[in-house]
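Asks: Predicted coordinates and the sequence they were generated for:
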Amino acid sequence: MGSDNRHTILLMQTTQNKESRIFYDYETVPLAMDGVCQMFEKKLKELNPTLKNITYDITDLYTYVDKLADMSALVFSPQVNAYLPYNKDWIKKRAFGHLKKQAQ
């Protein structure tokens, strides 16, 4: 089983208010990265309701992630039989790789 095919829990806090905390459950790392992109695209649509087509580049996605009060990922590691934590920088790198694969 490759490192991408591991159960992933995405933890997110959108504002400083602790009640804005939420988690998302994904079967694989790529599905989690797809989820991050979808959340960002949903936010863009909310901010630009009259636009039919919205485009963005990776720096826009990075800014979105950085502006969140918190975002981290817990990725299951069968070697230690536990979830390993990853920060925003790891999520941004993985999201970039995911988008790059999709563009090919």
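Replies: Yep, it's here. Remember, predicted model here, so these are calculated numbers, not experimental data. Residues are numbered from 1 along each chain as shown.

Asks: quick one: average confidence on the lengthiest helix in the chain?
Replies: If you go by DSSP state H, the chain has its longest helix at helix 29-47. Mean pLDDT, helix 29-47: 94.

Asks: Give the next helix or strand downstream of it.
Replies: Counting by DSSP states H and E, the next helix or strand C-terminal to helix 29-47 is helix 58-67.

Asks: Quick one: name whatever helix or strand follows that following helix.
Replies: strand 70-77.

Asks: what does that following strand rub up against?
Replies: The contact list for strand 70-77 (Cβ atoms under 8 Å, 6 or more residues apart in numbering) reads 6-13, 21, 29, 32, 36, 65, 82-88, 90-91. All C-beta atoms are positioned from the backbone trio N, CA, C, and that covers glycine.

Asks: same thing with stretch 95-104?
Replies: So stretch 95-104 is contacted by 30, 33, 34, 36, 37, 58, 61, 65 (Cβ under 8 Å, 6+ apart).

Asks: Redo those residues as TSV? Include neighbour count and distance to residue 52.
Replies: Listed next are the contacts of stretch 95-104 as TSV, based on neighbours: other Cβ atoms under 10 Å; distance: Cβ to Cβ, whole Å:
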residue	neighbour count	distance to residue 52
30	18	28
33	26	25
34	16	22
36	24	23
37	16	19
58	12	22
61	21	20
65	17	25
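
Asks: Against residue 80, how distant is the closest residue to residue 58 other than its chain neighbours?
Replies: Of all residues not flanking residue 58 in the chain, residue 96 sits nearest, at 5.4 Å (Cβ to Cβ, 6 or more residues apart in numbering). Shown here: residue 96 relative to residue 80, a distance of 27 Å by Cβ to Cβ, to the nearest Å.

Asks: more crowded one of these two?
Replies: residue 96 (14 against 8; other Cβ atoms under 10 Å).

Asks: Which strand or helix spans that one?
Replies: Using DSSP H and E, residue 96 maps to helix 88-103.

Asks: Show me which of the contacts of strand 70-77 are buried.
Replies: Neighbour-count burial (16 or more other Cβ atoms under 10 Å) is assigned, among the contacts of strand 70-77, to 6-10, 12-13, 29, 32, 36, 65, 86, 91.
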